[in-house]
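> Pasting a predicted model and its sequence here:
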Amino acid sequence: MRRITRTLAAIGLSAAALTTVGVGSAGAADGSWAGCPSGAVCVYPQDQNPASSPSAVYWSYGAHNLQGQYGNHWVLNNQTGGAHAHLCRGSGGADCVYDIPAQNGVYYDLGPINSITLDRP
């Protein structure tokens, strides 16, 4: 009986240790992805590869004009519910040239890109 009790205690301790390790991991529990919060679209600094810390985070639907973004950047769409993001050549969301579905990202030259739109599904 003591052996069974010790075994159960050891299993419980192992499970607690695994749970503690999981909480500190890369954000899977809270829905973040490479530092991009769940529900947001994130742009990362030029040539940051792999993407780890966004330089711009967009939350609201609609167009967002970019400033000073040149060269290759990761753009991650971590929106939920199937919302898309678009990379657009014009300001205010005009002349969109690239569609990023929810839970997807792209490494893209943002030199010719002047805005990003966040679009409801």
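Cool, the structure landed.

> quick check: domain ranges of this protein?
Residue ranges for the domains of the chain, per automatic domain parsing: 1-25, 31-119.

> So Gln69 versus Val57, what's the distance?
The gap separating Gln69 from Val57 is 14 Å, by CB to CB, to the nearest Å. C-beta coordinates here come from the backbone N, C-alpha and C atoms, glycine included.

> So which of the two has more stuff around it?
A side-by-side neighbour count of Gln69 and Val57, using other CB atoms under 10 Å, places Gln69 first with 19 against 15.

> Can you name the next helix or strand after the lowest-mean-pLDDT helix or strand in the chain?
Lowest on mean pLDDT, DSSP states H and E among the helices and strands of the chain sits helix 2-23, with a mean of 35. Following helix 2-23 in sequence order, the next helix or strand is strand 41-43 (DSSP states H and E).

> That next one pairs with which strands?
Partners of strand 41-43 in the sheet, by DSSP bridges, are strand 56-58 (antiparallel), strand 72-77 (antiparallel).

> Check which residues of the longest one are buried.
In this case it means strand 72-77. Within strand 72-77, the residues scored as buried using 16 or more other CB atoms under 10 Å are His73, Trp74, Val75, Leu76, Asn77.
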